[in-house]
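>>> Got a sequence here, can you build the structure:
(2 chains)
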Amino acid sequence: MNSNELTETQPTNVVNGNGVHPLIRLAGVTKVFLTDEVETHALSGIHLDIREGEYISIAGPSGCGKTTLLSILGLLDTPSEGSYALKGHEVANLSFADRARVRNREIGFIFQSFNLIGDLSVFENVELPLTYRGMSAGDRKALVTEALERVGMAHRGKHLPSQLSGGQQQRVAVARALAGRPAILLADEPTGNLDSRNGEAVMQLLRELHQGGATICMVTHDERFAQHADRTVHLFDGQIVEDRMAA
Amino acid sequence: MQTLWQDLRYGVRMLLKQPGFTLIAVGTLAISIGANTAIFSAINALLLRPLPVENLDRVVSSYALREGFDPFGSSFLEYAAYRDRSHCFVSSGVATQHSFNLTGQREPERARGANVMADYLITLGVRPLLGRAFSADDDRPGGPPVALIGYGFWKKHFAGNIGVIGQSLNLDGRTYNVLGVMPQGFDLPGAAEIWIPLQTNIENLPLTERAATSHEIVARLKAGVSVKQADVELKAIARQLEQEYPNFRRGWSVKVISLRQDLLGDLEGRVRKALFALVGGVGFLLLICCANIANLQLARGIVRQRELALRGALGAGRCRLVRQLLTESMLLALVGGAGGLLLANWLVPALAMLNPIRGLSLGEFLHNFELDQRVLAFAVVTTLLTGVLFGLLPALKATGAHELMSRIKETDHRSGGAGSARRWFHGLIIAEIAIALTLLVCGGLMVQSFQRLQRVDLGFNPENLLTLKMALPASKYSQYRQRIAFTDQLPERMRNVPGVLSAGITTNIPLEREIAYDAIFNVEGRPPPNPNEVPITSHRIVTPDYLETLGVTLIKGRLISKNDRAEMLPVVVVSQEFARQAWPGEDAIGKRVRRIRAGQTFPWMTVVGVVKDVKEDRFNYRINRPVWYVPYAQVENDFPVNLIIRTAIDPNSLTAAVREAIHSVDADQPISNVMTMNTNLSTVLVTERFGAVLMGTLAISGLLLASIGLFGVMAYSVSQRTGEIGLRVALGAQAKHVLGLILGQGVKLILWGVGIGLAVAWGATQLLVSLLFETKAADPMTFASIALLLISVSLLACFFPVRRALSVDPMIALRSE
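Numbers count the residues shown, from 1 in each chain, chains lettered A, B, ... in the order given. Below is the predicted model:
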């Protein structure tokens, strides 16, 4: 992150166990959608800290605001009110281009339906976010190879997504998310399009990544998968109704 | 039948469901089918429609030629030789155009007519509507004074009275009995309204008269004989005549063309070439249109893959599905075709106004572009073919899936799919761009050529000039001094008309659509180095003030003056080209030339002036040829005279006053061809104007359609890739990355299209060479500028899809969850 482009947040009284700022801090975040003069409060007064190395799941029923929260965390959308600090820098009001730059470097996305580009090979799909950084081909290759090896898909680099099973496609999507060594992985229902066996395998992969030091924030409506996380935040009607650590 | 009805109903519903697509497709089809139909109406009128000449395509005309000069009329000498020595013809006949002074009815009138041999009408296979044609007895020397009249003349002068047979007509002071009425529209030769028998025994004529080239020969080919064979045979006979009559026929040849080509005034085949170039043009436009709609249909096919897969799962075979999609395409084509016919109905009159032919005869048929049965049949066939052309490929592509379940379940297009269809999109759009470039280059060259022809220096000022023609009747002007008196008096009288600046008389108006007079000349002290060389000049006999009135530029010496009378030194004013050919590198003033004609001796004429080149003859519009102007008072002739008047005001407003002034000199003098010089000039470049305007219009239409096609493909591509673009943005792609992705795709297609188009255009323009004037078919500037224009417009077509791509919200990546 280029600190010159971000605004340093005011010091807060919340510190993690190591005495440093949390990786992500949402304070009083509200998101209101206006459609045909009807105001829909998707999120209301969200306060949420995510610490580095944490594995957090966001759970709740359909329509509770999980995806809206994830899109704000992923800088795909901006809050109507409140502040968002990433690594201690205010990012809520960045320009479109700056948000793209921050997304590219600090956030790795894992989508429910994998979102691989059909015309690109596995290797090229994983490489895609790195190409937007202006990184040299050699550096890109090293990072892509490392990421594919971590998810066990290095041998499929030249294949097209359509030649892979759903579980394999999601592993490639995970590799793409972590190839750029982001500060946090945001996973939106990562098992939603998978059968239970492949779903379990992906959850195991995320667990391993977390054990390797990755910070993960996962949206899920499935309680079984939510339990994989260290901490579960429950949303209901756009508000956090429960925030508990795993036993 | 019931399933067809179902397909039709479903097709209508699908077209109504997507009004935007339907509107664009129908509009594009209407433009293309309308343009094709309109151009075909011209082809039909000019090349296909039957004319009132029996089996027209077996009838030929012959033109005499002298190397490097105009084609001109034939003589009795040639006619007799062809009749007696040729083996190509069933029959042949000869006619001489002859305008009559019609008196005894209302105001004296000049009527176009002809002296025709009885065999002339027999050869053409035309029979009178009323009465009878000329018999051999009518045609014998000293035969009865009988006449045939045209249908229009009959209606106008006899109110269509069927009792006209046997009634009398006063022509040139002689009474003729009406023998018959010719069928409607027949007016050969030269828009004739009256025909009288030739009544000449050719063999008894003096050689000078037999050799005079003021006649028109028609001949009917024997079965199995081609025009080319006849041409070869007559050329051989022309060589025999050259040997037999060296004083008259040295350096002569002949050209045989079909009568239809002759009627189009198309000796050089330019009309036919221009028409076929336009057929190619509208064909290309139709291909662009088909490619556009095929692309749209392909896109719809992809969108409808689930529906089609579902139908397949429910038991529909591929043929059944193809038939359903083809029914929709046919519906679209039929609606587009109907729109095209409406458009053509509006375009055809506009096209008729641009009529490309110079010929005078059978104008009622040749100038009448209309949507007749043949044109309607063409429109229907074109519509159906178009429907198959743009419908078949998308139908086959859309129904080619074997894995039905995956298609039924398919909801997200980001992971694979649509790749093969995209290749077709791209292939079609590349073809469209290539065709559009070819059209643009051809159109650009023809427009440039036309512009250069328009900029040709005429050598005179055509503005504010009124012209008219008068044939001085031999009954009243039998003595040459009487003609001189008339031509002396008339310009003087004109100058007294308010608004007239000056007036003069000539035997031919520059570039007029009438018989123009030439003369063979001899330069004093310079026998031609080659005995076959026959120097020819445009021969203009003019009164004093004519050249000033015309507005020519005097280079040296003086113009014809009032003092150049019969008893004075014979003088001549020559053009620069004449001087260059006769005395290269020398001063022409004071040099002497004279006219040569077998059996006659003409006096030497001293050059007193040199004028800038004037475009006198239509056939030589593209080159400069020698012209001389000799004083009317010094050269006895009985040619019709043309009055030209320079006015200070709109020349059309002086018509009545000018007529009155002429009739104040001779109350019985008929006047014809009253028109401004600009009106006369507007008939000169008709073929070129026709080709340039239409090809230019087609080229712009092609550019627009190809741009719309590119826009459609790019817009579709962006809509199909919205999820991908959103994903890329979510992964950190900046605007420049998205721009590069979408614009890069467009630029690649454009460059492929332009590259292929340049190669195709180079080949196509080679076919246009003979239509171009001072314009190279492979003009690099034209190719480069057209390519740049096409690239610019195509990039513009990419603008909106690119803008849309740039505004894709990355949230789309999550929304699809």
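>>> tell me the pLDDT at the residue of chain A most remote from its centre?
The C-alpha centroid of chain A is most remote from A:E37, which lies 31.8 Å away (C-alpha atoms, centre = their mean). You'll see A:E37 listed with a pLDDT of 70.
>>> And the residue of chain A that's closest to chain B?
In chain A, the residue that lies nearest chain B is A:N104 (2.2 Å; C-beta to the nearest C-beta). Quick note: C-beta positions are derived from backbone N, CA and C, even for glycine.
>>> Now do the same for B:T3: its pLDDT.
On the pLDDT scale, B:T3 gets 67.
>>> Over to B:L332?
At B:L332, the predicted lDDT confidence score is 90.
>>> Contact partners for the residue lying closest to it once chain neighbours are set aside?
Excluding the flanking residues, the one nearest B:L332 by C-beta to C-beta, 6 or more residues apart in numbering or on different chains is B:A25, at 5.4 Å. Contact partners of B:A25, counting by C-beta atoms under 8 Å, 6 or more residues apart in numbering or on different chains, are B:293, B:296, B:332, B:336.
>>> any idea of the mean pLDDT in the strand or helix carrying the first one?
So that's B:I293. If you go by DSSP states H and E, B:I293 is part of helix B:270-303. Averaging pLDDT along helix B:270-303 gives 84.
>>> Give the buried residues for it.
B:270-275, B:277-278, B:280-302 (16 or more other C-beta atoms under 10 Å in any protein chain shown).
>>> Show me what from chain A comes close to chain B.
Counting by C-beta under 8 Å from any C-beta of the partner chain, chain A comes close to chain B at A:67, A:70-71, A:74, A:76-77, A:97, A:100-101, A:103-105, A:109, A:111-119, A:128-129, A:131-133, A:160-162, A:169, A:176, A:188-189, A:192.
>>> between the host helix or strand of B:L704 and helix B:270-303, how big is the angle?
If you go by DSSP H and E, B:L704 is part of helix B:686-720. Counting by axes from the mean of the first three to the mean of the last three C-alpha atoms, to 10 degrees, helix B:686-720 points 10 degrees away from the direction of helix B:270-303.
>>> Next SSE downstream of helix B:686-720?
Criterion used, DSSP H and E; the element after helix B:686-720 is helix B:722-730.
>>> Which residue is the nearest non-sequential neighbour of B:S475?
Nearest to B:S475 is B:G173, by C-beta to C-beta, 6+ apart, at 3.8 Å.
>>> Quick one, grab the pLDDT at that neighbour.
80.
>>> Likewise for B:A95?
pLDDT, B:A95: 93.
>>> Pull the contacting residues for the closest residue to A:S80 other than its chain neighbours.
Residue nearest to A:S80 in three dimensions, not counting chain neighbours: A:V32, with 4.5 Å by C-beta to C-beta, 6+ apart. Residues counted as contacts of A:V32 (C-beta under 8 Å, 6+ apart) are A:39-42, A:80.
>>> for B:A633, same thing?
B:484, B:488, B:543, B:564-566.
>>> Would you map the strands across the stretch 151-300 of chain B?
B:168-171, B:174-181, B:194-197, B:216-221, B:252-258 (DSSP state E, counting those that start in this stretch).
>>> shouldn't the residue nearest to B:S475 be in contact with B:T103?
Yes - using C-beta atoms under 8 Å, B:G173 is in contact with B:T103, at 7.2 Å.
>>> Produce a PyMOL select command limited to the buried residues of the contacts of B:A633.
The following PyMOL line selects those of those that are buried, judged by 16+ other C-beta under 10 Å:
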select buried, chain B and resi 484+488+543+564
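>>> Assign the most centrally placed residue in chain A to helix, strand or coil.
Residue closest to the average C-alpha location in chain A (C-alpha atoms, centre = their mean): A:L186, at 1.2 Å. Classification of A:L186 by DSSP: H, G, I helix; E, B strand; the rest coil places it in strand.
>>> Now it: closest residue in space, sequence neighbours ignored.
A:L186's closest residue in space is A:G74 (C-beta to C-beta, 6+ apart), at 4.9 Å.
>>> got it, and B:R49?
That would be B:F365: by C-beta to C-beta, 6+ apart, it lies 6.3 Å from B:R49.
>>> Find the closest residue to chain A in the stretch 101-250 of chain B.
For the stretch 101-250 of chain B, C-beta to the nearest C-beta, closest residue to chain A: B:K228, 58.9 Å.
>>> which residues touch that residue?
Neighbours of B:K228 in contact, by C-beta under 8 Å, 6+ apart: none.
>>> Let me know the distance separating it from B:K235.
Separation of B:K228 from B:K235 (C-beta to C-beta, to the nearest Å) stands at 11 Å.
>>> that older thread, buried ones among the contacts of A:V32?
A:42, A:80.
>>> where do the helices sit along chain A?
A:66-73, A:96-106, A:122-131, A:137-150, A:166-179, A:196-211, A:223-226 (DSSP state H).
>>> Quickly, which of these bottoms out on average pLDDT?
helix A:223-226 (a mean of 82).
>>> Show the secondary-structure elements that that helix is packed against.
With contacts taken as 3 or more C-beta pairs under 8 Å, 6 or more residues apart in numbering or on different chains; DSSP states H and E, helix A:223-226 sits against strand A:55-59.
>>> 10 Å - rerun?
Packing partners of helix A:223-226 (3 or more C-beta pairs under 10 Å, 6 or more residues apart in numbering or on different chains; DSSP states H and E): strand A:55-59, helix A:196-211, strand A:216-219, strand A:231-236.
>>> And for that helix, what's in contact with it?
Helix A:223-226 has contacts (C-beta atoms under 10 Å, 6 or more residues apart in numbering or on different chains) with A:56-60, A:187, A:189-192, A:196, A:199-200, A:202-203, A:206, A:218-220, A:232-234, A:246.
>>> tell me the pLDDT at A:S3?
Here the pLDDT value assigned to A:S3 is 37.
>>> Oh, that last question was meant for B:A316, not what I typed.
B:A316 is given a pLDDT of 68.
>>> before we move on, what about B:G691?
84.
>>> Now for it: which residues touch it?
Applying C-beta under 10 Å, 6+ apart, the residues near B:G691 are B:270-271, B:273-275, B:277-278, B:281, B:354, B:356, B:442-443, B:446-447, B:449-450, B:685, B:768, B:771-772.
>>> Same question for B:A787.
B:A787 neighbours (C-beta under 10 Å, 6+ apart): B:437, B:440-441, B:750-751, B:754-755, B:757-758, B:761.
>>> which of those are buried?
B:437, B:440-441, B:750, B:754, B:757-758, B:761.
>>> so which residue of chain B comes closest to chain A?
Closest point on chain B to chain A, by C-beta to the nearest C-beta, is B:G732, at 2.2 Å.
>>> Skipping adjacent residues, who's closest to that residue in space?
Ranked by C-beta to C-beta, 6+ apart and with sequence neighbours excluded, the top spatial neighbour of B:G732 is A:N104, at 2.2 Å.
>>> ok, that neighbour - how many residues close by?
23 (other C-beta atoms under 10 Å in any protein chain shown).
>>> contacting residues for it?
A:N104 sits in contact with A:75, A:129-133, A:180, A:182, B:729-734, where contact means C-beta under 10 Å, 6+ apart.
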